[in-house]
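Novice: return atomic coordinates for the entry below.
(one chain, ligands or ions: 1)
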Amino acid sequence: MSSPYPSLFPFDQNSFGRQSIIMSSICARRVLHATRPRLVRAHPRGNARFSSTSTQFKSSAPQASWLQDRRTFYGAGGMTLAIAALLWKGQDTYDHLDDPRDRKSLSKVPLNKLISGWIAFTFCSSPTWVDMSETLYNILSQIPIISSITNAIVMRTFFNQFLGGESTSECIPKIEALRKDHIGTLLGYNIEAELDGSSKDMQLILRQTEHVLSSIEAQGDLARQFWPDPSATGGDNRCWVRIKVTGLLPNPIALYHGSNAILEARKEKGLDRDVPYPGFPHDGDWEAALEGKGVTDADRQELMNLRAILEKIASKARENNVRIVIDAEQSWYQPVIDSLTDELMQKYNSLDGPTTCIASFQAYLRRYPQLLDQQIKRADEKGYKLLFKQVRGAYMVTEAARWKKGKREGPGPVWATKEETDASYNYGIQKTLSTVADQVRQDGHSRISVFFATHNSISIDLAIKFLERHGLARRTADTTGSRYQEKWQGVLPLRSYMVSMPTLRKDMTT
Ligand SMILES: Cc1cc2nc3c(=O)[nH]c(=O)nc-3n(C[C@H](O)[C@H](O)[C@H](O)COP(=O)(O)OP(=O)(O)OC[C@H]3O[C@@H](n4cnc5c(N)ncnc54)[C@H](O)[C@@H]3O)c2cc1C
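Specialist: Model (predicted):
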């Protein structure tokens, strides 16, 4: 699922209409998984690939050349038919553009972006096409000429829709354009462990780390330019960087061994008896990851290097006044990721200083409602600010497959139904916002910042409802959106809490 391309998550995707946001939630990640990795590793530039394959092509026997011609013809014909069929099928998807805010947002999107988005989302809305996409892409990539056409189409549609650029510098104009519209960004260099957990070269990891560090510098520079005085927002400047821990070490197996050792140690201590897999972060987890059963010397070295890299990233983020978001990944790596995130939050999110580290919690994990309660309590007991991003979770299919393959007993780590995941997500919204409201009532400020990362408009509406109910936001007469009360501005970095939340857009100007 990794791709060495920066992705940009606008905090408020007003450049997309609600319709496209809902459609993107259907299977955007699966398409990305299917298309991006090969694109980069096999042939970073369509032209380079074309010249090498065409040389082979010329030296082939005449029959092979005829065969290639036929494949080219079939490939091109098939692709054209597929696009035509999908576009035709996609015609009935425009029937519920009923929100005036969607119309307003969509009216600002350039036509070419609308067309490329339409093609991308039409493909994404067909599970059959999504399932076929990787195979199809691999086949088309083998065919001379067609491979460059395919590459060009993928770059102009899926890539253009879901990714910010091929380098940080390519993303900068987009970040600037979003900022003009008062939209903050979460810049991420998309690297993570391969699904099969295979190893990567250390040099690659070092290069990837450098990309993360330079993303922080770039966001820091932009932040100083856009927002010289972030004191009105509790030190936040809406320029964030996202990190995937599994992309920062050569052998993700070390994370797996370390995570198992943590779970074993907790079991021996009698912790987490009633907590679904993979449990909660506790004191002593990191030591268990280094010293526990099944952890080899090589694993230990990898884990220590990883910790040093994260420390470097966090201190670079602190220097640049940029917040880093540590993504949540597969549950079998999560105990080590939880432990490192917990340590960074304790160190970099002190109650009286700036805050730098944002955790990520997946509501699709059965542990989530209990985890959230534990995290709120733990932050209070240990005396740090709890900053987190709440997502539903992206690895549902691989989580189920792994649980089945491992012949594990009992239900898997993920809720069995979407309704249960939704209930868990809603619990997160209610619990967090009511806790924030209580803290504000008691102390005049909150020690929690949350960022509900979702494309789901029902979740967004629910969050707005709770903000209003707790007196943390109010609707203004002049806009259809919600606006925070002046007195909470700066107290609640929560204003950055909504991805794709057009209704709060105005508020981000302050
Ligand atoms: C800014 C941002 C950051 C993100 N960071 C992360 C991250 O760090 N880690 C991560 O894992 N994901 C991350 N995601 C992806 C996220 O977890 C979701 O996969 C994606 O956003 C779709 O969920 P939704 O709430 O937007 O939409 P919805 O369409 O409402 O929800 C889809 C989600 O519901 C859940 N679901 C669907 N069917 C079932 C079922 N049968 N049983 C149980 N659950 C089900 C799955 O989690 C699925 O992804 C991020 C997304 C965004 C926008």
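
Novice: which helix or strand lies directly C-terminal to the helix or strand hosting D422?
Specialist: Using DSSP states H and E, D422 sits in helix 418-443. Per DSSP H and E, the first helix or strand lying C-terminal to helix 418-443 is strand 448-452.

Novice: give me the mean pLDDT for that next one.
Specialist: Mean per-residue pLDDT for strand 448-452: 90.

Novice: other SSEs contacting that strand?
Specialist: Helices and strands touching strand 448-452, by 3 or more Cβ pairs under 8 Å, 6 or more residues apart in numbering; DSSP states H and E, are strand 386-391, helix 418-443, helix 457-469. No exception for glycine: its C-beta is placed from N, CA and C like everyone else's.

Novice: give me the buried stretch members for stretch 349-363, please.
Specialist: Buried residues in stretch 349-363, counting neighbours by 16 or more other Cβ atoms under 10 Å, are found at 349, 355-363.

Novice: how near is A328 to R307?
Specialist: A328 is 18 Å from R307, where distance means Cβ to Cβ, to the nearest Å.

Novice: who has more neighbours, the two?
Specialist: Neighbours per residue (other Cβ atoms under 10 Å) separate A328 from R307, with A328 holding more: 26 against 20.

Novice: any idea how far the more buried one lies from the ligand?
Specialist: Using Cβ to the nearest ligand atom, to the nearest Å, A328 is found at 4 Å from the ligand.

Novice: that residue reaches F361, doesn't it?
Specialist: Yes. In this structure, A328 is within contact of F361 by Cβ atoms under 8 Å, at 6.4 Å.

Novice: overlap of the contact sets of the two?
Specialist: Common neighbours of A328 and F361, using Cβ atoms under 8 Å, 6 or more residues apart in numbering, are V391.

Novice: got the angle for the helix holding D422 vs strand 386-391?
Specialist: Counting by axes from the mean of the first three to the mean of the last three Cα atoms, to 10 degrees, helix 418-443 lies at 160 degrees to strand 386-391.

Novice: low-confidence regions, the protein specifically.
Specialist: Along the chain, segments meeting pLDDT under 70 span 1-99, 101, 232-234, 476-510.

Novice: how about 80 then?
Specialist: Applying pLDDT under 80 to the chain picks out residues 1-106, 181-182, 190-197, 227-236, 407, 474-510.

Novice: domain assignment for it?
Specialist: 18-162, 183-509 (automatic domain parsing).

Novice: return the most buried member of the ones you listed.
Specialist: When these are scored by mean count of other Cβ atoms under 10 Å, the highest mean neighbour count falls to domain 183-509 (a mean of 19).

Novice: for the ligand, what's its nearest residue on the stretch 151-300 of the chain.
Specialist: The ligand sits closest to L186 of the stretch 151-300 of the chain, with a gap of 6.0 Å, by Cβ to the nearest ligand atom.

Novice: paired strands for the helix or strand harbouring that residue, with orientation please.
Specialist: For L186, the element it lies in under DSSP H and E is strand 185-189. In the sheet, strand 185-189 lines up against strand 6-10 (antiparallel), strand 239-243 (parallel) (DSSP bridges).

Novice: which secondary structure elements does the helix or strand just after it contact?
Specialist: Going down the chain from strand 185-189, the next helix or strand is helix 202-226, by DSSP H and E. For helix 202-226, the packing partners by 3+ Cβ pairs under 8 Å, 6+ apart come out as helix 168-180, strand 185-189, strand 239-243, helix 297-320.

Novice: at 10 Å instead, please
Specialist: strand 6-10, helix 168-180, strand 185-189, strand 239-243, helix 297-320, strand 323-326 (3 or more Cβ pairs under 10 Å, 6 or more residues apart in numbering; DSSP states H and E).
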